[in-house]
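[1] Return a 3D structure for these sequence lines:
(one chain, ligands or ions: 2)
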Amino acid sequence: MKFNNILITGGAGFIGSNLIRYIFEKTDFTGRIINLDKLTYAGNPLNIVDIEQKEHGKRYFFEHGDICDYDNDVRIFKQYDVDAIIHLAAESHVDRSIIGPGEFIRTNINGTFALLEACCSVWKDRKDVRFHHVSTDEVFGSLGAVGYFTETTAYDPRSPYSSSKASSDHLVRAYFHTYGLPITLTNCSNNYGPYQFPEKLIPVMIYNMRDRKPLPVYGDGKNIRDWLYVEDHNSAVWTVLQNGKIGESYNIGGENEWENIKLVNTLCEIFAQETGADEAEIKGLITFVKDRPGHDRRYAIDCSKLKKELDWRQSVDFNRGLRKTVRWYLDNIKWAESIRSGEYLKWIEKNYKDR
Ligand code: NAD
Ligand code: DAU
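    Residues are numbered from 1 along each chain as shown. Ligands and ions are numbered 1, 2, ... in the order given. The predicted structure follows:
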């Protein structure tokens, strides 16, 4: 289905900013994108400054606001005649959810609820509209050595983050079953690529290598994640938005499982090749640290439904994607430094206070 005015929530974050760029640059979309973002610590306008410069006020509109603000959500739906929403805004970092779950409950659950309510109040019984919810494989819990998460795997979230995402998934489905809201939902594995906030594994490792700081590997380093290049996640979300069946969920994954310690060693090798650093010295920075409480052991995604029914494929080979990613972070030190120094908060104050 074709949409004209797509509201993207969380479009200043890692996946959202890459998604906006992907839609403008790699698809035949001719309509408008409205980006609703609260600009929390994880939302960075520098992530979309290129789009802002080219498209602001034409095909791209930024709305600085909180998804939990129902009245503002309704205003945005009406003002831009929104006919589809891709909902990404969330508190996204597991470690932060362990330290302070409150904001995860507020944004991920109450915020999704406010958006669903706004959709129902503005769209009423329209069927030519769509609520696409971007979720995570973490809702399925933790796997042993064998098996995969499928779309019918029972939910078994373990962290405050994954529990809040599971709740939001249930709410989205409830609005389909109860009120007939046209929804689709995707559950994706670990993304990597440019513009990821440097608190997640891959950017943390790259910047610590650069600064010759310890590379903190949680527990025994044998936890397994499935990795997917962010543009492949976004192409899948776009595919589901266009062709997904209403009311259905689709798993998205890289079919690319790595033990954390093996991934960190590979990153050390790529970093040494790219910078000329001594590989042994960089690997010597690896430090096993106290494990994350409730650390899920293994995630692995069966995404055959998406491949078979909607003909989606991953396109970025992991070694190539990782090398590109290492290069991007090294070439964008200023971006990282502005985050670390809080310079971008001043930039927000200057550029966004009147919007
Ligand atoms: P992120 O933390 O980089 O970005 C989140 C964005 O949401 C930020 O721009 C932030 O300012 C915004 N935001 C937070 N609270 C808000 C609020 N109350 N109102 C409006 N905006 C708010 O996250 P990400 O890694 O880009 O993840 C995006 C979505 O994808 C999340 O829903 C996450 O659960 C999901 N997801 C992420 C991954 C991954 O590997 N990163 C994998 C699967 C699913
Ligand atoms: O699976 C999808 C999820 O992937 C998303 O829903 C989350 O939003 C996203 O943050 C990510 O969650 P993880 O907890 O898997 O990502 P993180 O980068 O924090 O950690 C990846 C693995 O690396 C995990 O097993 C913990 C480990 N780790 C992480 C950090 C930051 C370390 O060993 N050391 C670290 O310093």
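[2] For the helix or strand harbouring Gln53, give me every contacting residue.
    Applying DSSP states H and E as the criterion places Gln53 in helix 49-55. Helix 49-55 has contacts (C-beta atoms under 8 Å, 6 or more residues apart in numbering) with 20-21, 24, 33, 45, 60, 62. (Glycine included, C-beta is placed from N, CA and C.)
[3] swap in stretch 17-26?
    So stretch 17-26 is in contact with 6, 8, 11, 29, 33, 35, 44, 47-48, 50-51, 54-55, 59-60, 86, 88, 193-195, 230-231, 234-235, 237-238, going by C-beta under 8 Å, 6+ apart.
[4] Just the buried residues of these.
    When those are checked for burial by 16 or more other C-beta atoms under 10 Å, the buried set is 6, 8, 11, 29, 33, 35, 44, 47-48, 51, 55, 59-60, 86, 88, 193-195, 230-231, 234-235, 237-238.
[5] So which of those belong to helices?
    Using DSSP state H, 51, 55, 230-231, 234-235, 237-238 are the members of the buried ones among the contacts of stretch 17-26 that sit in helices.
[6] which among those gets closest to ligand 1?
    Val230 (7.9 Å; C-beta to the nearest ligand atom).
[7] Turn the contacts of helix 49-55 into a markdown table, columns for pLDDT and distance to Cys268.
    Shown next, in a markdown table, are the contacts of helix 49-55 (pLDDT from 0 to 100; distance: C-beta to C-beta, whole Å):
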| residue | pLDDT | distance to Cys268 |
| --- | --- | --- |
| Ile20 | 98 | 32 |
| Arg21 | 98 | 29 |
| Phe24 | 98 | 35 |
| Ile33 | 98 | 38 |
| Pro45 | 89 | 32 |
| Tyr60 | 97 | 39 |
| Phe62 | 96 | 38 |
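[8] with those residues in mind, which one is nearest to Ile246?
    Ile33 (21.9 Å; C-beta to C-beta).
[9] Make sure that closest one is actually in contact with Lys58.
    No - proximity of Ile33 to Lys58 does not meet the contact threshold set by C-beta atoms under 8 Å, at 10.5 Å.
[10] Which member of the ones in helices among the buried ones among the contacts of stretch 17-26 is positioned nearest Asn332?
    Val230 (14.6 Å).
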